[in-house]
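Student: fold the following for me, if possible:
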Amino acid sequence: MPQLKKYVRHILCAIQETTAYRASYFINIVSQFVSYIAIFFLWRAVYTAGSVIGGMDWSDMQGYLLISLFTSALISGSSEFRVSRSIWTGNIAVELVRPVDYQKANFAITVGNGIAEGVLVAAIGLVFAMLIGFTAPPESFVTWLYFLLAVAFSFTTKFLIVYIFGLFTFWTTGGMGLSWFRKGITDFFSGAIIPLSFFPGWLQAVSNVLPFRGIVSVPATIFIESMPKSQILASFAIEAAWIVGLWYFAKLVWHFAMRKVTIHGG
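Tutor: So this is what the prediction gives:
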């Protein structure tokens, strides 16, 4: 229980920190909102009256874009660069002497950031939904339960991928290139850029066994109710396996990083 209280305090402090810096907090969310407005108009141009692409009509695509905006914004730029920045500046030395597990502490901080930012993201999402005229949210209570569980999987999976790429800064001494590479493969294979149902069959098969699918595609397709229940449960099983694997892989990366630590700055 005392150990749990430590991480709860990390969550609460992260919420306070996120809401304290209101300007950067708001600008970060609005910038993502603006980019998704552009994506919305691009897809509206693609869809002609009554067209169906990849098994999705325009109403489905509207719901898909809403969830893509929400899940993509839950882990912000501050979370993205926290680990790599602490390594590059040398502040990681302070983290190493704290009586907490570094990986769990980072997850707790990211949860706090996600809670604080998720409120604003949800509010902006409602405004976005009204602006684009989306009027078809799920009616089934079970669908909402599956969706919320999918969001939890999405958040945890994305945290682990971001965290692992952040740890690679121990060897590269720079995080920007890693971040852009991570964002590129994540956005592509998660379905944030193009829904996975639009991919050719062989590429869909590859995407279905990768962890990225659970970040956007799974929660979005559950939300628009285009994924059968049997596929939902199978997707959750794959995501849970990936989360366990990524969690222990991150610990392995940390173990090797601690054997050869190079502190910059400080």
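Student: shaky segments in the stretch 151-266 of the chain?
Tutor: 173-175, 260-266 (pLDDT under 70).
Student: for it, what spans make up the strands?
Tutor: Secondary structure of the stretch 151-266 of the chain by DSSP state E, counting those that start in this stretch: no strands are present.
Student: show me where it has its helices.
Tutor: For the stretch 151-266 of the chain, the helices defined by DSSP state H, counting those that start in this stretch cover 169-172, 176-190, 201-208, 217-223, 229-259.
Student: list of residues touching the third one?
Tutor: Counting contacts by Cβ atoms under 8 Å, 6 or more residues apart in numbering, the residues outside helix 201-208 that touch it are Phe189, Gly191, Leu196, Ser197, Phe199, Arg213, Ser217, Ile238. Where you see a C-beta, it was placed from the backbone N, CA and C, and this is true even at glycine.
Student: which among the residues you listed end up buried?
Tutor: Buried by 16 or more other Cβ atoms under 10 Å: Phe189, Gly191, Leu196, Ser197, Phe199, Arg213, Ser217, Ile238, out of the contacts of helix 201-208.
Student: in a markdown table: the residues you listed, plus distance to Ile92.
Tutor: As requested, those are exported to a markdown table (distance: Cβ to Cβ, whole Å):
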| residue | distance to Ile92 |
| --- | --- |
| Phe189 | 29 |
| Gly191 | 34 |
| Leu196 | 36 |
| Ser197 | 42 |
| Phe199 | 39 |
| Arg213 | 32 |
| Ser217 | 34 |
| Ile238 | 33 |
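Student: from those residues, which single one is nearest Phe40?
Tutor: Proximity of these to Phe40 (Cβ to Cβ) peaks at Gly191, which lies at 15.6 Å.
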